[in-house]
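Enquirer: Build the 3D model from these lines:
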Amino acid sequence: SGTTGLVVAASAVGGLAGTPLARPLMKLLRPGWVLIAACVMFAVTNFGMTFCASPWADAAFLAAGGAAIPSAVVMVNVLILQQVPDEQRGRTAAALEMFLLVGIPAGTLAASAALQWFSPTATLLGLSLVMSVAVLYALSQRALRAAQWPGTNPAA
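Expert: Predicted coordinates for the structure are as follows:
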């Protein structure tokens, strides 16, 4: 239970540490690149946990992955929720949250099932490979890479 607490707390600490990085990252990167960078961070940290099997290493990798979450949340807020008319924002936020949060129980179920048949290392490696394929797909999407922040000049 102490080890579980350590790694969960490390992810939360990473999220808190990533919060002040959101604004500079938004100035540095276009929205699609923020998403791609977050996905790359998660793929790299999962690969790291695959090959460094210790609670302290896992905690460090989860903290690094958690640091990417605030920028991704801000990106979703700016690109989706702030663009929706006020009278539709509540429904849109609820639908978006449901869509995004369904991944938590689905991922837990999938990981638990994988752990029934595969070792933890093989399960993490499989997750890392799936995330890497998702990153490559995202990189192949020209519209995602070219997306602009609202109010910016596309020619700039």
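Enquirer: mind listing what Met131 touches?
Expert: Contacts for Met131 (C-beta atoms under 8 Å, 6 or more residues apart in numbering) come out as 39, 42-43, 46. From N, CA and C alone the C-beta is placed, and that goes for glycine too.
Enquirer: give me that answer again for 6 Å
Expert: Neighbour list for Met131: 42-43 [criterion: C-beta atoms under 6 Å, 6 or more residues apart in numbering].
Enquirer: what's the spacing between it and Pro120?
Expert: Distance of Met131 to Pro120, computed by C-beta to C-beta, to the nearest Å: 16 Å.
Enquirer: ditto for Val130
Expert: Taking C-beta to C-beta, one finds Val130 at 16 Å from Pro120.
Enquirer: can you tell me the distance between the two ends of stretch 79-86?
Expert: 14 Å (C-alpha to C-alpha, to the nearest Å).
Enquirer: Now that stretch: average pLDDT?
Expert: Across stretch 79-86, the average pLDDT comes to 83.
Enquirer: Which positions within it qualify as buried?
Expert: Leu79 (16 or more other C-beta atoms under 10 Å).
Enquirer: Equivalent analysis for stretch 135-146, please.
Expert: 135, 138, 144.
Enquirer: got a list of contacts for that stretch?
Expert: By C-beta under 6 Å, 6+ apart, stretch 135-146 touches 32, 36, 39-40, 43.
Enquirer: returning to that earlier point: ok, the buried residues of stretch 135-146 vs Val74, which is closest?
Expert: Leu144 (16.8 Å; C-beta to C-beta).
Enquirer: which residues of the chain score low on pLDDT?
Expert: 153-156 (pLDDT under 70).
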